[in-house]
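Novice: Here is my input; please provide its structure:
(2 chains)
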2 protein chains.
Amino acid sequence: MISVAEARARIVAAMRPTAPEMVALAEAWGRVAAADHASRLTQPPADVSAMDGFCLRAADGALGATLAIVGSAPAGHPWAGMVGPGQAVRIFTGSVMPAGADAVLIVEDAVEARGMVEVREAVRAGRHIRRAGQDFTAGDVLVAAGTRIAARAVGLLAAGNHPWVRVHRRPRVALLATGDEIALPGEPIPPGGIISSNAHALAALVRAGGGEPVVLPVVADDEAALAAAVEGLSCDLLVTTGGASVGAHDLVQPALARRGLRTDFWKIAMRPGKPLIFGALGEVPMLGLPGNPVSALVCAVLFLLPALARMQGLEGQGPAESEAVLGAALVANDHRADHLRARLAPGPDGRKVATAFARQDSGMLRLLAEADALILRPPHAPAAAPGETVRVIELGALGI
Amino acid sequence: MISVAEARARIVAAMRPTAPEMVALAEAWGRVAAADHASRLTQPPADVSAMDGFCLRAADGALGATLAIVGSAPAGHPWAGMVGPGQAVRIFTGSVMPAGADAVLIVEDAVEARGMVEVREAVRAGRHIRRAGQDFTAGDVLVAAGTRIAARAVGLLAAGNHPWVRVHRRPRVALLATGDEIALPGEPIPPGGIISSNAHALAALVRAGGGEPVVLPVVADDEAALAAAVEGLSCDLLVTTGGASVGAHDLVQPALARRGLRTDFWKIAMRPGKPLIFGALGEVPMLGLPGNPVSALVCAVLFLLPALARMQGLEGQGPAESEAVLGAALVANDHRADHLRARLAPGPDGRKVATAFARQDSGMLRLLAEADALILRPPHAPAAAPGETVRVIELGALGI
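Specialist: Okay, the predicted model is just below:
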């Protein structure tokens, strides 16, 4: 058995970032940039006014001065002339500053009458002017390769004149649920059978992680059927659920061995979810998750999300951890890293309080769905009292 | 001018949750449930084994006992007989417990030979058995109305046998950028003009918030054109950018007044982004954001995201706030609530340290894109020293 950290490192190291594709800017949100995107222009393109008012020569802008209004320069309609001594031009937020003018009299400080404007507050050269390139200049990298593109970055790419964006293709993740006892929702349920929750829960997790899920038909516990199901597979990662242990009906390893599965490791010192297979089928990396839905989802948070991130050109670190205060005592842990389903609540001092559910049975999907966080219990962690600090993974923030 | 909190309350109160639609379970991730979804079955459907091994009568499971293996019950293939005294049936994780058996001998504690199995560790009645309904029973609400559906909830809906899910329709948000000086990326730029970053940044924010953006063509600073642009509008919310102030070229209010705009309010005591219009065009609520991209995005975080949440049947609270420690001093604030663009870094004691950028010019979209958080400065907040606690909105977690 290997540790969670080692398992994750080996999985992430085996992932290759997907090739780039060009998507319309309108589709770039949430994708990961596959190249540096430099600005194609300078912003602002010229010195512009930051306010509505009048532009003039600073030397003319003493308190009480009166200037002749010689023109108007709405945004998008630059005034082509030169502002001379004793002259003012009406401007607006975003207007290009006309030649000659080096100061802005804001509208609140101006009194207009009969084509003249009176200065009611002395101007200062340069004030209320946004300089050309104040935000960025042509050639500046606005969005670096390996950046997840948030809404603000979409705005920045627009402002830098990128109608198309080079991003990593969404990794295609094939999801193969195995088991004689499972059916998809709404389909006939075999005797003593249950509904397969793994395929679609994992498909949602793949979406949350930026990938494109491909849900394969459920495969019975039959070596030949399993081997056939992975023929002609077109994906960046194959994820199986179920059959990962070593019982007589745990057929994933022997069946896929027929197709050339090379197993890297298949046991991790963790709970829930010890029997996890990682290997490769030819060029396609393969992650064999436990069939138990709670184990499968916890393993997916720990290993599949980082794998997805790496395939999109990110680093593929583990899920974000934070600190919380224990709300109830925990017993000492054994040699397997534990991931306790827990509630989070705000504590009196503003710190988060994490309280593990009394029942941690991995058969209880509903409790996992109700959990706000996983409390991380390292191997051999001693018993812990209320008030002690623990590390947690917040599940809601992951969209899972 | 009204406060940020009052503006948000008035905006959210004017939003109506969209009507429900049925989506395939595979499309339900990220949507908001429009009804309680109760389980259609009991999980597990019967008492099942939690382990691989043998089931037997507890009375027969003393250390050293030997039992006859009379059958096998793989998951999905229940054993129809009755387990009698001195008998054992091979079972697997998820197998339905055959009648008569009330204990599980796990495979690690069993030694098989010539059709018999020897007990190497005494069994305990009920141990390693998951009881029928341990996870949930038919009729239990698995996902309540008003819940954003995470990957785990998708799994739970599957397990409860829901191939279709009743969710609120994604709110359609029409985005109308105004200004003579703006063009979309890749299009010809007018003299002294710039690229419109608002429409697509806001479209991405609408997606992040669960809505469906509709980007309208850019409209020039012309009352008639603006009034025409909103004819035949089909959306749940109209968002304009630009033209929201009171300058000669701020035409949104007068132009939309021609179409019957009823303005609720149009000034908020905040920075960036004071000139914000809220009202309604007939049945369609209308949010007029400032044209400045930084102001528009900050206002969208504070007002548009909660509006989107409310339209999806959520409460529509303001964006999540948390506490951070100041990394650098702040001057006293004036009467407008300020939203300082800031970096977050982990501090020595594990608390987050927020350091505002030295430049807070609302013309700098790039700094907004680089910000991890907005530091919230209430009206008239006194000067603050490094180490003091402030409230922040973390931007990355919002997908914006």
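Novice: now for the helix or strand bottoming out on mean pLDDT in chain A, which elements pack on it?
Specialist: When the helices and strands of chain A are scored by mean pLDDT, DSSP states H and E, helix A:252-257 comes last with a mean of 87. In terms of contacts (3 or more Cβ pairs under 8 Å, 6 or more residues apart in numbering or on different chains; DSSP states H and E), helix A:252-257 is packed against helix A:223-229, strand A:277-281, strand A:284-289. From N, CA and C alone the C-beta is placed, and that goes for glycine too.
Novice: Need those in TSV (columns: distance to residue A:386).
Specialist: Listed next are these as TSV, based on distance: least, Cβ to Cβ, whole Å:
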stretch	distance to residue A:386
helix A:223-229	47
strand A:277-281	37
strand A:284-289	33
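Novice: Deepest in the core, which of those is it.
Specialist: Among these, judged by mean count of other Cβ atoms under 10 Å in any protein chain shown, the one packed with the most neighbours on average is strand A:284-289 (a mean of 24).
Novice: For residue A:47, give me the pLDDT.
Specialist: If you check residue A:47, the pLDDT there is 95.
Novice: Actually, residue A:245.
Specialist: At residue A:245, pLDDT is 62.
Novice: for the one 4 residues further on, same thing?
Specialist: Per-residue pLDDT puts residue A:249 at 60.
Novice: To residue B:277, which of the helices and strands packed on helix A:252-257 lies closest?
Specialist: When those are compared by Cβ to Cβ, strand A:284-289 sits nearest residue B:277, at 51.2 Å.
Novice: what about the helices in the stretch 101-250 of chain A?
Specialist: Remark: helices assigned in the stretch 101-250 of chain A by DSSP state H, counting those that start in this stretch are A:151-159, A:198-208, A:223-229.
Novice: what about the second one, near chain B?
Specialist: Yes: when contact is scored as Cβ under 8 Å from any Cβ of the partner chain, part of helix A:198-208 falls within range of chain B: A:198, A:199, A:200, A:201, A:202, A:203, A:204, A:205, A:207, A:208.
Novice: what sits up against that helix?
Specialist: Helix A:198-208 is contacted from outside by A:173, A:175, A:177, A:184-185, A:212-213, A:215-216, A:218, A:239, A:241-242, A:289, A:291, A:293, A:296-297, A:300-301, A:304-305, A:308, A:398-400, B:25-26, B:28-30, B:150-152, B:154-155, B:158, using Cβ atoms under 8 Å, 6 or more residues apart in numbering or on different chains.
Novice: still on that earlier bit, export the helices and strands packed on helix A:252-257 to JSON lines and tack on distance to chain B?
Specialist: Output for the helices and strands packed on helix A:252-257, formatted as JSON lines (distance: least, Cβ to the nearest Cβ, whole Å):
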{"stretch": "helix A:223-229", "distance to chain B": "13"}
{"stretch": "strand A:277-281", "distance to chain B": "16"}
{"stretch": "strand A:284-289", "distance to chain B": "13"}
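Novice: Columns distance to residue A:19 and mean pLDDT on top of these, output as JSON lines?
Specialist: Formatted as JSON lines, these follow (distance: least, Cβ to Cβ, whole Å; pLDDT from 0 to 100):
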{"stretch": "helix A:223-229", "distance to residue A:19": "26", "mean pLDDT": "91"}
{"stretch": "strand A:277-281", "distance to residue A:19": "19", "mean pLDDT": "93"}
{"stretch": "strand A:284-289", "distance to residue A:19": "15", "mean pLDDT": "95"}
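Novice: what about these, which gets the closest to residue A:98?
Specialist: Closest among the helices and strands packed on helix A:252-257, using Cβ to Cβ: strand A:284-289, at 61.6 Å.
Novice: thought residue A:354 was touching residue A:377?
Specialist: No: judged on Cβ atoms under 8 Å, residue A:354 makes no contact with residue A:377 at a distance of 11.3 Å.
Novice: Who has more neighbours out of these two?
Specialist: More neighbours surround residue A:354 than the other of residue A:354 and residue A:377, with 29 against 23 (other Cβ atoms under 10 Å in any protein chain shown).
Novice: coming back round to it: quick check: of the residues of helix A:198-208 next to chain B, which lies closest to residue B:224?
Specialist: The closest of the residues of helix A:198-208 next to chain B to residue B:224 turns out to be residue A:207 (Cβ to Cβ; 44.0 Å).
Novice: The closest one: how many residues sit nearby?
Specialist: 23.
Novice: how far away is it from residue A:175?
Specialist: Taking Cβ to Cβ, to the nearest Å as the measure, residue A:207 falls 11 Å from residue A:175.
Novice: Find residues that contact each of these two.
Specialist: Residues touching both residue A:207 and residue A:175 (Cβ under 8 Å, 6+ apart) are residue A:213.
Novice: hmm, back to that, going through the contacts of helix A:198-208, which ones are buried?
Specialist: Burial by neighbour count, judged by 16 or more other Cβ atoms under 10 Å in any protein chain shown, picks out A:173, A:175, A:177, A:184-185, A:213, A:215-216, A:218, A:239, A:241-242, A:289, A:291, A:293, A:296-297, A:300-301, A:304-305, A:308, A:398-400, B:25-26, B:28-30, B:150-152, B:154-155, B:158 from the contacts of helix A:198-208.
Novice: and the stretch 301-400 of chain A, which of its residues are near chain B?
Specialist: Neighbours of chain B within the stretch 301-400 of chain A, by Cβ under 8 Å from any Cβ: A:323, A:350, A:361, A:363-366, A:368-369, A:395-397, A:399-400.
Novice: Does residue A:369 touch residue B:155 like I think?
Specialist: Yes: judged on Cβ under 8 Å, residue A:369 makes contact with residue B:155 at a distance of 7.2 Å.
Novice: hang on, the earlier thing: who touches both of residue A:354 and residue A:377?
Specialist: residue A:390.
Novice: The residue lying closest to residue A:59 once chain neighbours are set aside - how many residues pack around it?
Specialist: Closest residue in space to residue A:59, ignoring its immediate chain neighbours: residue A:85 at 7.6 Å, by Cβ to Cβ, 6 or more residues apart in numbering or on different chains. Residue A:85: 10 surrounding residues under other Cβ under 10 Å.
Novice: Please report the distance of residue A:85 from residue A:26.
Specialist: According to Cβ to Cβ, residue A:85 and residue A:26 sit 49 Å apart.
Novice: Mind listing the residues bridging to the closest residue to residue A:7 other than its chain neighbours?
Specialist: Using Cβ to Cβ, 6+ apart and skipping residues adjacent in sequence, the residue nearest residue A:7 is residue A:268, 4.7 Å away. For residue A:268, the beta-bridge partners under DSSP bridges are residue A:2.
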